[in-house]
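> need coordinates for the below:
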Amino acid sequence: MMFVLSNTTLAADTTINLAENKPFTYSSILNESYAGNKANDGDINTKWVSMTWAVNSNMEAEPWYQVDLGKEYNIGKIEMVAAQDWDNLRARVNFAVYVSNTEDFSTSKAVASVGYPGYAAYGTWFIELELTENYRYVRAKRTNLARDWEIAELRVFETIVEPENIAKGKISSVSSVYSAEYGSEKGNDGSKFTNWVSNDVEYSPYFQVDLGKMYRISGICVVSRRDIDLPASRTNFEIQASNSDDFTEYTVLGKKTGAAPGFGTDWRETVSDSKSYRYVRLQRINFAGQISIAELKVFEDTNKIVNSEPSAVYLSDSLVETDAPIGTVIGKLTTVDSDSGDTIFNYSLVSNGDSDSLFNISGDSLVTNSKVGYQADSNYSVVIKSSDTYGASVLDSFNIKVKSIMSTASVFINPGNYNKIEILDVQGKVHVSVYGSEIKNSDNGIDHVIQKNVVPLQPGIYVVRVFNGNGYTNRKVIR
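Here you go, the predicted model:
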């Protein structure tokens, strides 16, 4: 009977071979060169060989090899590797695998039975299991009265409980599909027996999933195809995460290059990045071409605090004087965020056309990046992005107004009894009107001085008119 794991939250942890270098027993050996330790020493180029017909015509039928895991485990996967020095077809057919908690297998459970045509020459046979009990001993045994046998490696892996796969059933998109049978939905439908396959033309295809909202990610699993052995699809890819669906900006969470893992082996990566992301993409790299996967799994880090996006950005002031020095602080930036732990924010300018070169961000301040000239009704729009330490962000826009450097007027005129003074431009427009107490004696006791905050004046030529109780009496041209 075969027990195949499918569509559950369980998965074999293929990172640790529980059988490697553990105690073993066997029914017979050919000689010490092929001793029992050769089948679980972690080296596929050595092998255990039972007594053969050529050496002893009365040798046992159905030889066996078993390993003691040392304690009971929930076994999720068993592998058997064929000899690498030559292809012995007889060793790849007619065998069964059992698990037990008694060393003599007086009680046991059959978990696999293999007849013809067996598995590939020099290849690896595997079975994925979903068992309700834990077991300590694993035995592989010949069946159908078959005799001599050889095994390069017998491997056993434990089943672990995975977190919830937050990518399952979410909206997916791809760069291409090979055919409708291998559509994008097959890459995150929760089944390892369906597959997404890119076309065979692209050099850098991708599979992408929208998680629906931002998550902190603890791990990634790329489930390889179970129906066909495609080593090229098990390497030369990376996992990218972003908060924009076009991935103009992204973070690489993990990468697989080099030799491909074995057939039926999934690639897993623990993620240490503490930021939150909404979109996850499996991206082909090194121009490796066509790729196929059974499943892209994404796991949430539930041990971390759930992060909310900032809600608003504020700028303390939005006025800048004309021709202010480069680096002049216009205003301080602050961010509104419902997360009490978020107190550090990163500010940046978002491209916004003509104003891009005029302003910059320095820490938590908006500053000038060049001298800003004055024009009538001078206004510039800037867009500022505030990001918390987990990558969540908010955008706000601000209008920056340029004011003249002339904020007070000091005008010296001849002495007299004046109750009103005006400043006009050459077109006759009155810009300043000063009355009574705002007209003060100068230090020399002769001139009078106008001292008042006034409407910004662009440097130029102006006319000062002075009035006494009888009306207009004098004027003075100033520059």
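
> from now on I want contacts and neighbour counts done on CA atoms only, so please keep to that.
Noted.

> what about dumping the CA coordinates of stretch 378-391 to CSV?
Provided in CSV are the C-alpha atoms of stretch 378-391 (Å, rounded to 0.1, in the frame of the first residue of the first chain):
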residue,chain,number,x,y,z
SER,A,378,5.8,80.7,-7.1
ASN,A,379,4.7,77.3,-5.9
TYR,A,380,6.3,73.9,-6.3
SER,A,381,4.8,70.5,-5.6
VAL,A,382,6.8,67.8,-3.8
VAL,A,383,5.8,64.2,-3.0
ILE,A,384,7.3,62.7,0.1
LYS,A,385,7.4,59.0,1.0
SER,A,386,7.6,57.9,4.6
SER,A,387,8.6,54.2,5.3
ASP,A,388,8.6,52.5,8.6
THR,A,389,11.3,50.0,9.6
TYR,A,390,9.3,47.1,8.1
GLY,A,391,9.0,48.7,4.7
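
> that one: how far from the chain's middle?
Distance, stretch centre to chain centre, for stretch 378-391: 22 Å (CA atoms, centre = their mean, to the nearest Å).

> please apply the same query to stretch 221-233.
For stretch 221-233, the distance to the chain centre is 22 Å (CA atoms, centre = their mean).

> what does that stretch contact?
With CA atoms under 8 Å, 6 or more residues apart in numbering as the test, stretch 221-233 has contacts from 192-195, 234, 260-269, 290-298.

> end-to-end on that stretch?
Using CA to CA, to the nearest Å, the end-to-end distance of stretch 221-233 comes to 14 Å.

> circling back: in helices, which of the contacts of stretch 221-233 appear?
Using DSSP state H, no member of the contacts of stretch 221-233 sits in helices.

> buried ones among the residues you listed?
Buried members of the contacts of stretch 221-233, counted by 16 or more other CA atoms under 10 Å: 192-195, 234, 260-261, 263-268, 290-298.

> grab the most central residue of the protein for me.
Central residue check for the chain by CA atoms, centre = their mean: the C-alpha nearest the mean position is that of residue 241, 2.7 Å away.

> right, and that residue touches residue 250 too?
Yes: contact criterion CA atoms under 8 Å: residue 241 and residue 250 qualify, at 5.4 Å.

> what sits against residue 274?
So residue 274 contacts 216-217, 390 (CA under 8 Å, 6+ apart).

> can you tell me which of the residues you listed is nearest residue 100?
Closest approach to residue 100 among the contacts of residue 274 (CA to CA): residue 217, at 37.7 Å.

> kindly list the main-chain dihedrals of that closest one?
phi -100, psi 130 (degrees, to the nearest 10).

> got a list of what it touches?
Here residue 217 is in contact with 271, 273-274, 276-277, 298-301 (criterion: CA under 8 Å, 6+ apart).

> now do the same for it: its pLDDT.
Residue 217 carries a pLDDT value of 94.

> that one and residue 241, how far apart?
Plainly put, residue 217 is 9 Å away from residue 241 if you go by CA to CA.

> so which of the buried ones among the contacts of stretch 221-233 belong to strands?
Secondary structure from DSSP state E places 267-268, 292-293, 295-298 of the buried ones among the contacts of stretch 221-233 in strands.

> ok, which pair from those residues is furthest apart?
Longest span within those, CA to CA: 292 and 298, 17.2 Å.

> confirm residue 69 sits in a helix?
No: if the criterion is DSSP: H, G, I helix; E, B strand; the rest coil, then residue 69 is strand and not within a helix.

> I figured it hits residue 136, correct?
Yes: with contact defined as CA under 8 Å, residue 69 and residue 136 form a contacting pair (5.4 Å).

> list the buried ones in stretch 133-145?
Buried residues in stretch 133-145, defined by neighbour count with 16+ other CA under 10 Å: 134-143.

> what's the answer for stretch 108-120, then?
Under the neighbour-count criterion of 16+ other CA under 10 Å, stretch 108-120 has 108, 110-114, 118-119 buried.

> narrow the residues you listed to those in strands?
Using DSSP E, the buried residues of stretch 108-120 in strands are 110-114.

> and which of these is nearest residue 345?
Residue 345 has its nearest neighbour among these in residue 111, at 55.5 Å by CA to CA.

> can I assume that closest one is in contact with residue 98?
Yes: the pair residue 111 / residue 98 is scored as a contact, 5.6 Å apart, by CA under 8 Å.

> kindly supply the ChimeraX command isolating those of the contacts of residue 217 that are buried.
Selection of buried members from the contacts of residue 217 for ChimeraX, criterion 16+ other CA under 10 Å:
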select :271,276,277,298,299,300,301
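
> same list (the contacts of residue 217) but as CSV, adding distance to residue 255 and secondary structure.
Shown next, in CSV, are the contacts of residue 217 (distance: CA to CA, whole Å; DSSP: H, G, I helix; E, B strand; the rest coil):
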residue, distance to residue 255, secondary structure
271, 11, coil
273, 14, coil
274, 18, coil
276, 19, strand
277, 17, strand
298, 15, strand
299, 17, strand
300, 19, strand
301, 19, coil
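
> distance check, residue 422 against residue 176.
Applying CA to CA, the value for residue 422 to residue 176 is 74 Å.

> between the two, which has more neighbouring residues?
Taking neighbours as other CA atoms under 10 Å, residue 422 and residue 176 compare with residue 176 leading, 20 against 17.

> might you report the residue contacts of the closest residue to that one other than its chain neighbours?
In space, and not counting its chain neighbours, residue 176 is closest to residue 198: 5.2 Å by CA to CA, 6 or more residues apart in numbering. Residues counted as contacts of residue 198 (CA under 8 Å, 6+ apart) are 174-178, 205-206, 290-292.

> let's verify residue 356: helix, strand, or coil?
Taking three-state DSSP, the label given to residue 356 is helix.

> that one - how many residues pack around it?
For residue 356, the tally of surrounding residues (other CA under 10 Å) stands at 16.

> show me where the stretch 251-400 of the chain has its strands.
251-256, 267-270, 276-284, 292-293, 295-300, 312-315, 319-321, 329-336, 346-350, 359-362, 365-368, 379-387, 393-403 (DSSP state E, counting those that start in this stretch).

> of those, which stretch is the most buried?
Compared across the strands of the stretch 251-400 of the chain, strand 292-293 shows the largest average neighbour count, a mean of 26 (mean count of other CA atoms under 10 Å).

> so what's the residue count around residue 244?
13.

> swap in residue 61?
15.

> so, low pLDDT: which residues of the stretch 51-200 of the chain?
Scanning the stretch 51-200 of the chain for pLDDT under 70 picks out 53-59, 146.

> doesn't residue 123 make contact with residue 264?
No: using CA under 8 Å as the test, residue 264 is too far from residue 123 to be in contact (11.5 Å).

> about what we covered before: and which of the buried residues of stretch 133-145 is nearest residue 357?
residue 134 (66.7 Å).
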